[in-house]
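**Q** 3D model of this:
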Amino acid sequence: MTGDVVKRSTRRSARSKPGLLSAVSAAVLLASPGLADEIWVTNEKDDTISVIDTDTLEVTRTIATGDRPRGITFAHDYSVVYICASDSDAVQVMDPETGEVLHDLPSGEDPEQFALHPDNRHLYIANEDDAITTVVDTETRTVVRQINVGIEPEGMAVSPDGTIAITTSETTNMAHWIDTGTGALIANTLVDSRPRHAEFVKGGTELWVSSEIGGTITVFDVETKAEKAKIGFELPRILPSLIQPVGFEFTADDSHAFVALGPANHVAVVDAETYEVEEYMLVGRRVWHMAFDRDKDRLFTTNGVSGDVTVIDVESRKPLKTIKVGRFPWGAAFRPTE
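**A** Below you'll find the predicted structure:
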């Protein structure tokens, strides 16, 4: 089944796209009982989102967005989806049922990635061009504060207890630790070149930060903010300069991490206790980010250059299928539909 494509101009303002879902798609959506869960994928060159049915592994909807969509995350209750429309300098708020953009949030310039606070209200946004982290109240649609960080901020994470936010700066090569109560920087920790993605794991006791050009992941103890481990990667017949870790996701029991290695076109499986790489899986070209399905049985990777998504069986660690999406897929997020 091919998805219904919403027709749109190549470059339109993030604020001029109401009624994005076609009448045919809306009718199908409303009439279909027992809808399957979904994986939402941002396509940064097409200015669209591809919606994948996790049962059929087919694209069922293609939804227009602002310019160059990258980061994507759902509200904790899945009532809305937030989209970083980087070249529109906006975070769009979309109704996931209809695909309609409800409004924009004041995101600051060039929003890259963001993280939603556990309170389901405050969005922490990395603004690459401004070297700041912007905190937005999604209910009042206002900027709460802006925090100066390093040059070219990219990754964002918020601890499970909501007390710490992390911004990674690509040029400064640091993870910046922010007290969410005061907005003050409480620590700056060095990582390897061009940090891209950050996640609190193991109940918030560890912080993992990927360094794209450095080719590593740095693991920090959250309590002491000291480095615990450094994870490197090595693939036969692939130049070290092409091994560029970006996004990563953890299994349900936090025992293993799956790491996207960029132009190396592989995903690494890392033992999260020993920090050793167990194996590598070949996926599409220029793998960026990933999202699990509901039970974390399957992993969906966004492959930018090849314009597709690889579906991986987590237990066997084998690719199951390649799904064609839009041009340069980047971000991915899971959405339950019931």
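
**Q** now the helices for the protein?
**A** Chain-ordered helices for the chain, with DSSP state H as the definition, fall at 23-31.

**Q** shaky segments in it?
**A** Scanning the chain with the threshold set as pLDDT under 70 gives 1-35.

**Q** can you give me the strands for the stretch 1-150 of the chain?
**A** In the stretch 1-150 of the chain, strands defined by DSSP state E, counting those that start in this stretch lie at 4-5, 38-43, 48-53, 58-64, 69-74, 81-85, 90-94, 101-105, 111-116, 122-127, 132-137, 142-148, listed in chain order.

**Q** out of those strands, nearest to residue 291?
**A** Minimum separation from residue 291 across those (C-beta to C-beta) falls at strand 38-43, 5.4 Å. All C-beta atoms are positioned from the backbone trio N, CA, C, and that covers glycine.

**Q** distance to residue 307 added to the strands of the stretch 1-150 of the chain, as JSON lines?
**A** As requested, the strands of the stretch 1-150 of the chain are arranged in JSON lines below (distance: least, C-beta to C-beta, whole Å):
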{"stretch": "strand 4-5", "distance to residue 307": "14"}
{"stretch": "strand 38-43", "distance to residue 307": "8"}
{"stretch": "strand 48-53", "distance to residue 307": "10"}
{"stretch": "strand 58-64", "distance to residue 307": "12"}
{"stretch": "strand 69-74", "distance to residue 307": "14"}
{"stretch": "strand 81-85", "distance to residue 307": "19"}
{"stretch": "strand 90-94", "distance to residue 307": "22"}
{"stretch": "strand 101-105", "distance to residue 307": "24"}
{"stretch": "strand 111-116", "distance to residue 307": "21"}
{"stretch": "strand 122-127", "distance to residue 307": "25"}
{"stretch": "strand 132-137", "distance to residue 307": "31"}
{"stretch": "strand 142-148", "distance to residue 307": "35"}
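
**Q** can you list the ones you listed in JSON lines and add distance to residue 287 and mean neighbour count?
**A** Putting the strands of the stretch 1-150 of the chain into JSON lines (distance: least, C-beta to C-beta, whole Å; neighbours: other C-beta atoms under 10 Å) gives the following:
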{"stretch": "strand 4-5", "distance to residue 287": "24", "mean neighbour count": "18"}
{"stretch": "strand 38-43", "distance to residue 287": "12", "mean neighbour count": "26"}
{"stretch": "strand 48-53", "distance to residue 287": "16", "mean neighbour count": "25"}
{"stretch": "strand 58-64", "distance to residue 287": "18", "mean neighbour count": "23"}
{"stretch": "strand 69-74", "distance to residue 287": "15", "mean neighbour count": "23"}
{"stretch": "strand 81-85", "distance to residue 287": "19", "mean neighbour count": "26"}
{"stretch": "strand 90-94", "distance to residue 287": "25", "mean neighbour count": "24"}
{"stretch": "strand 101-105", "distance to residue 287": "28", "mean neighbour count": "18"}
{"stretch": "strand 111-116", "distance to residue 287": "16", "mean neighbour count": "25"}
{"stretch": "strand 122-127", "distance to residue 287": "21", "mean neighbour count": "25"}
{"stretch": "strand 132-137", "distance to residue 287": "26", "mean neighbour count": "22"}
{"stretch": "strand 142-148", "distance to residue 287": "31", "mean neighbour count": "14"}
